[in-house]
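[1] Turn this into a structure:
(3 chains)
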Amino acid sequence: MSLKKKSKSMGGFNIVTALVFVLLIVYALTLFIPAFWAFYTSFKGNLEYLENQLSFPKVWHFENLMTALDYFYVPINTGSDIVTYYIESMLLFSVLYSVGSAFFAALATCIVAYATARFDFRFNKVIYGIVIVTMTLPIVGNLPSELQFLKALGLYDTIWGMWICKANFLGLYYLIFYAAFRSLPKDFTEAAYIDGASNLRVLVSIAFPLVASTFMTVMLIRFVEFWNDYTVTLTYMPSIPTLAYGLYAYSFSTVPKISNTPMRLAGCFILIIPVLAVFIAGHKRLMGNISMGGIKE
Amino acid sequence: MKKIGKVLCGLMGIVFMFGTFAACHRGEEDEPIRADQTQLTIGVFDGGLGSEWIYAIKEDFEAKYADVSFEEGKMGVQLRVSPSRSFTQTGMESNIDSFKEEVIFAEGANAQYFASRGNFLDITDVVTQPLNYDFVRKETAADGETQTIESKMSETQKDYFSAVDGKYYALPTAETFYCIVYDIELFEQNNWFFRPDGSFVTSVADERSGGPDGKTETSYDNGLPATYEQFFRLCAKIAEQDDKYIPVMWGGNVQEYVSSFLMALAADYAGVTQTELNYNYNGTMTEHITSFDGSGNPVISTDPVTITAQNGYELYKQPGRYYALKFLQELTSDTSYYNHLTATSASFTHKDAQGQFVMGKYRSSMQRVAMLLDGNWWQSEAKGVFNDLVAEEGDGASAQNRQFGIMPLPKVSESGDYTILQNTGYIGFINGKIEEGKKDLAKAFMQYCFTDSALREYTKTTNICRPVEYEMGESYNELSSWGKAMVDLHENANFAYQDSSSKIMQNYSTDLWYSPRLWLSTINGKTYTYPSKAMIDEQVTAQAYFEGSIAYWTESVWKNKFQNI
Amino acid sequence: MDFEKIGRIFAKRRTKDLIFYSLLIALPLLQFCIFYIGVNLNSLLLAFKTYQGDDRYVWAGWANFSNLFERFSLLTVFRVALVNSLKLFFIGTLSGLICGLLFSYYIYKKALLKNFFKVLLFLPSIIPSIALVLMFKQVADGAIPAVLAAMGITARGLLANPDATFGTIIFYNVWVGFGVSVLLYVGAMEKISESVVEAAKLDGTGYFQEFIFITIPLVWDTMSTFIIVAVGGIFVNQANIYAFYSDGAEEYVVTIGYYLYKETVKTGAAADYPVLSAFGILLSLITIPLVYAVKFVLGKIGPATEERRRVVEKEK
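    Okay, here's the model as predicted:
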């Protein structure tokens, strides 16, 4: 008992956590030092940066962030006109694209995982095989045929087309959902069935709410992935610039005022700040308890 | 779902916030669309060379057709510039079908590849009609240039750009190459020029040597090191004053610049015909190294070797390659000759190198750089640094007023003409999907870009030349010292082209001209990509590297790699 | 009880289940058929074709495979890349796994600043790689040499120094890769019932023993899934090398995944697609059995934990 008391009073400290604490501090430093460097460098003038890449700014150019905002635009040729999209439009596109894609990707994975976890059909083995094979198979040069498909189906250059395109059930997240559904006590659903509930009802009003936190977390992870993906505009939706594409265009921009390292870093912060804000505000909800068991067929 | 709602609300809040912040002040506003005119959209690769040159000719072109109606109810034309990074090989490969630009200036794109796929409009008439022929009005003007664009092109260019089916589909647009830039002012202050007898001058007025070409009448290279020996004597002299100057600098994260520069050195040694063998694989190699003698000197055989795409690996024996490596070996043999600490650093970019080169003059804390290894478009990229310096130091610091010159590549032993290896892939073309009604207008614009006056404007705004023949005339005096150097070389040097219609070049161009793949070399079971890294990191010698690249490119490797030639 | 009736009810339910099951997976499966099979079939068939120029391919049988094997014997890059891929897997995955588990244990134990660290470990996952790589390069090649220089040591940056380069890249990948795994480990650990741990403690187990003999076995399933996923990706993992070097990495940092990637995205890669496609299939033929084998082995070691759990619960 004394042991328990001690560990409680130390806030979970023991010899293992103490060692890990040191490791974590080192980790935090390796993260914070570069971030700190990037932060103060983004407030430097370019000449000062070239003179000394590591020193603190002598004069803090806070206007860099505003300049970055001003130059954060992408001209898109719509055929009839060249439309300049500024940051707010790109942000809107980014939100629509990343939240939507993340939602549908999570939904597709969740549904297939539920089906295979809840029902015992031989086809489950096929699904499992698909997940494993697609995870290991490197495919080369499929971009042209992918674009052909998207164009033929009328999904090219649309946001909802991307939602469909990204809504696959493959990968690690299938395994996570599978485990989540498997770990649900059967009693819940059995009781509902005895009460005469339909399969759909069980799924919607019992199973889904129980994995809601897993769903949110998986969605968050996918969201971040889509949020940072600049290639989607480049290849799949050329007239819908996302924020990540904006940063890509910005960082390769030849406008003299911004084509230097401090301004490029300032541009990076524009992309980071919104996600960071959402993340810090909602991390407790977003980083819910997800877990995954082993792979059981 | 409640949570998703909250997240969405949060993000929308930020959208709104950004909107209000940014809306109060914007970057350059676009010129509004003029509804009463026809729009012609010009796509231009969003890179170092920029699109300023289009704005420089925009007004004149628009004025030329101000009184012509191209669409019902509209009068005149408005040029719209659409910069994008998609106008390059990869971007065009996947997306050219959806490009809406009518005329496009691309970089790093293979003209023949797209022409044979049918993506480009046939512009044979643009190239072969006299420049005073008006495609819009269908008449030949009384004044204006009577020559054709074709007459401004070289034989190699004509062959290449008409190779698909005898018709022209694209035109070459930029004369770019890798070179050494030097700070004229710094050289003059320190008497870093050579006298005809090979000693250093003692004053600015002192008589200078004829430079690498040996001719005193071409004044732009007079006094510059003529040979490798002089070049490294110069490096030693610059490095004499401890830490004050760095003789040669390049960006540590762009080793491919050094690799491309070595190809330029090899080309300058080999001359046009022998260099172009590396791209057309059709001809006779006149010189090759067979072995090295006891004292490490190459044994050169003059037995002719017929080169085809089947035995392209033989070209790795060309002496020019060895001498280029030798140059690099000597340069890297002394850490005070180059920016040793940053020359391989991933955090030191070519823009950082340009910055240090340009601003060293104004910062005593920085080591000043005498020579920069870069592409000839470097001034466009360094525009930001120049602007910042002008704001601080006044007009004298501008790119227009600073004195920078090109250092023609020094020769291995004796002086001779210059051969410049021109980069490939800078092309202009008309989108094959252009509306019928705009074809003539697009042709007129394409043609307009190659009139002497437009060509001069191009050089004035970009400080480089278009790779066709034209006279700068009076405009020459308006150029910066760098621009003048570009024109001087444009007129006096021989140009070797990487463009070739050989099948091997069509199917494997990246492997044959793109620098990270040009200097593969296997030494003791290890394969190197960059001579610069091998020499700096592991003191590999030129001989070992040269032999290593012959060892890498065996007949079986070549045949395995290049299947469809 | 009327067994026949029950049987009928079950049979009826089974049919209903089957219909429902089919409805659930129909759309995702259709999506898979179109966007995976449909899109990729052509690319897979490329392995048996050869390039004729102008985007045309013709059948070539097994020629690409023999060409590939010839390449293996001719070029040094495959050997180096294989070694590097394995290094990346064994050093990178292993150290990532150990650190990930330790960090998760720390958070699970609710030790000092646990929420802070939980957020921190996830942070690299949300930063755009353009920014992250830029920052990392600057520190590895800019700040570290400068700091060393201030201490009187002349040294090149971690990425510039060929002896340190690959290690630095492995480090980078471990460094940015904790996010999801830590979330999952913590999730699994929090499912361990308090009483199991308490019971073990009464036995007088030390903290190291607790970590190794109780915590790890109980997250064994999660861990093995990660290992299996990592094995599956062993030849696909390009380890962010493209972000560091674009397509110009020196041979000593090349991994199989990077090699495949850069050869695929280079301009005018069409002529090389067939051989690369053959390479991709070959790699899968190695990896798929490997995945099943690893899964089998992990499963074999696994049951011990089930027993242990039972034993512990009995003691309680």
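[2] buried sites along stretch B:31-51?
    B:37-51 (16 or more other Cβ atoms under 10 Å in any protein chain shown). For every residue, glycine as well, the C-beta is placed using N, CA and C.
[3] Show me which of these is closest to chain C.
    Taking Cβ to the nearest Cβ as the measure, chain C lies nearest B:F45 of the buried residues of stretch B:31-51, at 13.6 Å.
[4] In chain B, spot the helix with the most residues.
    Longest helix in chain B, counting residues (DSSP state H): helix B:255-280.
[5] who does the helix or strand just after that helix touch, helix- and strand-wise?
    Downstream of helix B:255-280, the first helix or strand assigned by DSSP states H and E is strand B:283-285. Strand B:283-285 makes packing contacts with helix B:255-280, strand B:305-307 when contacts are defined by 3 or more Cβ pairs under 8 Å, 6 or more residues apart in numbering or on different chains; DSSP states H and E.
[6] 6 Å instead, please
    Packing partners of strand B:283-285 (3 or more Cβ pairs under 6 Å, 6 or more residues apart in numbering or on different chains; DSSP states H and E): strand B:305-307.
[7] I'd like the mean pLDDT over whatever helix or strand comes next after the strand it packs on, please.
    Moving toward the C-terminus from strand B:305-307, the next helix or strand (DSSP H and E) is helix B:319-333. Average pLDDT, helix B:319-333: 97.
[8] Let me know whether helix B:319-333 sits next to chain C.
    No. Interface with chain C: helix B:319-333 contributes nothing (Cβ under 6 Å from any Cβ of the partner chain), its closest point being 13.8 Å away.
[9] now the longest helix of chain B: how far from the chain's centre is it?
    13 Å (Cα atoms, centre = their mean, to the nearest Å).
[10] where does the stretch 51-200 of chain B come near chain A, residue by residue?
    So the stretch 51-200 of chain B meets chain A at B:80, B:82, B:85, B:94, B:100-101 (Cβ under 6 Å from any Cβ).
[11] Spell out which residues of the stretch 51-200 of chain C are next to chain A.
    Contacts of the stretch 51-200 of chain C with chain A, taken as Cβ under 6 Å from any Cβ, map to C:102, C:106, C:109-112, C:117, C:119-120, C:125-128, C:131, C:135, C:139, C:142-143, C:146, C:180, C:184, C:187-188.
[12] Need phi/psi at the nearest residue to B:V468 once chain neighbours are set aside.
    Nearest residue to B:V468, sequence neighbours excluded (Cβ to Cβ, 6 or more residues apart in numbering or on different chains): B:K152, at 4.0 Å. Backbone torsions of B:K152, given as degrees, to the nearest 10, read phi -90, psi 0.
[13] coming back round to it: in the longest helix of chain B, which residues are buried?
    Neighbour-count burial for helix B:255-280 [16+ other Cβ under 10 Å]: B:255-272, B:274-280.
[14] quick revisit: flag the least confident of the residues of the stretch 51-200 of chain B next to chain A.
    B:S94 (78).
[15] mind giving me the domain split of chain B?
    Following the assignment in automatic domain parsing, chain B carries domains at B:38-176+B:423-497, B:255-331+B:500-561.
[16] What separates the first and last residues of the last one, distance-wise?
    So that's domain B:255-331+B:500-561. Length of domain B:255-331+B:500-561, first residue to last, Cα to Cα, to the nearest Å: 24 Å.
[17] gap between that domain and the chain center?
    Centre-to-centre, domain B:255-331+B:500-561 and its host chain are 21 Å apart (Cα atoms, centre = their mean).
[18] now stretch A:202-219
    Mean C-alpha position of stretch A:202-219 versus that of the full chain (Cα atoms, centre = their mean) differs by 19 Å.
[19] Output it in CSV with nothing but the alpha carbons.
    Provided in CSV are the C-alpha atoms of stretch A:202-219 (Å, rounded to 0.1, in the frame of the first residue of the first chain):
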residue,chain,number,x,y,z
VAL,A,202,-27.9,-1.4,-34.1
LEU,A,203,-25.2,0.1,-36.3
VAL,A,204,-26.4,3.7,-36.1
SER,A,205,-27.7,4.0,-32.6
ILE,A,206,-25.4,1.5,-30.7
ALA,A,207,-22.2,0.7,-32.5
PHE,A,208,-21.4,4.1,-34.0
PRO,A,209,-21.8,6.1,-30.8
LEU,A,210,-19.5,3.6,-29.0
VAL,A,211,-16.7,4.2,-31.5
ALA,A,212,-17.3,8.0,-31.8
SER,A,213,-14.1,8.9,-30.1
THR,A,214,-12.0,6.5,-32.3
PHE,A,215,-13.8,8.0,-35.3
MET,A,216,-12.9,11.5,-34.3
THR,A,217,-9.3,10.6,-33.7
VAL,A,218,-8.9,8.8,-37.0
MET,A,219,-10.6,11.7,-38.7
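[20] And it, what's buried?
    Judged by neighbour count (16+ other Cβ under 10 Å), stretch A:202-219 contains these buried residues: A:202-203, A:206-207, A:210-211, A:213-219.
[21] Among these, which ones are in helices?
    Those of the buried residues of stretch A:202-219 lying in helices (DSSP H): A:210, A:213-219.
[22] middle-most residue in chain C, spatially?
    Centroid-nearest residue in chain C: C:A230, 3.1 Å away (criterion: Cα atoms, centre = their mean).
[23] Look up the closest residue to that one, ignoring the ones flanking it.
    C:T93 (4.6 Å).
[24] what about the one you found, neighbour count?
    23 (other Cβ atoms under 10 Å in any protein chain shown).
[25] packing partners for the helix or strand B:K443 falls within?
    Taking DSSP H and E as the criterion, B:K443 maps to helix B:439-449. Packing partners of helix B:439-449 (3+ Cβ pairs under 6 Å, 6+ apart): strand B:103-106, helix B:124-128.
[26] mind giving me the domain split of chain A?
    The record's domain parsing of chain A by automatic domain parsing lists A:13-68, A:70-286.
[27] picking that back up, tell me which of the buried residues of stretch B:31-51 has the lowest pLDDT.
    Within these, the minimum per-residue pLDDT falls on B:G48 (80).
[28] Spell out the secondary structure type for that one.
    coil (DSSP: H, G, I helix; E, B strand; the rest coil).
[29] what sits against it?
    For B:G48, the contacting residues are B:377, B:380-381, by Cβ atoms under 6 Å, 6 or more residues apart in numbering or on different chains.
[30] same thing but at 7 Å, please
    Neighbour list for B:G48: A:254, B:377, B:380-381 [criterion: Cβ atoms under 7 Å, 6 or more residues apart in numbering or on different chains].
[31] What of B:E469?
    Counting by Cβ under 7 Å, 6+ apart, B:E469 makes contact with B:K152.
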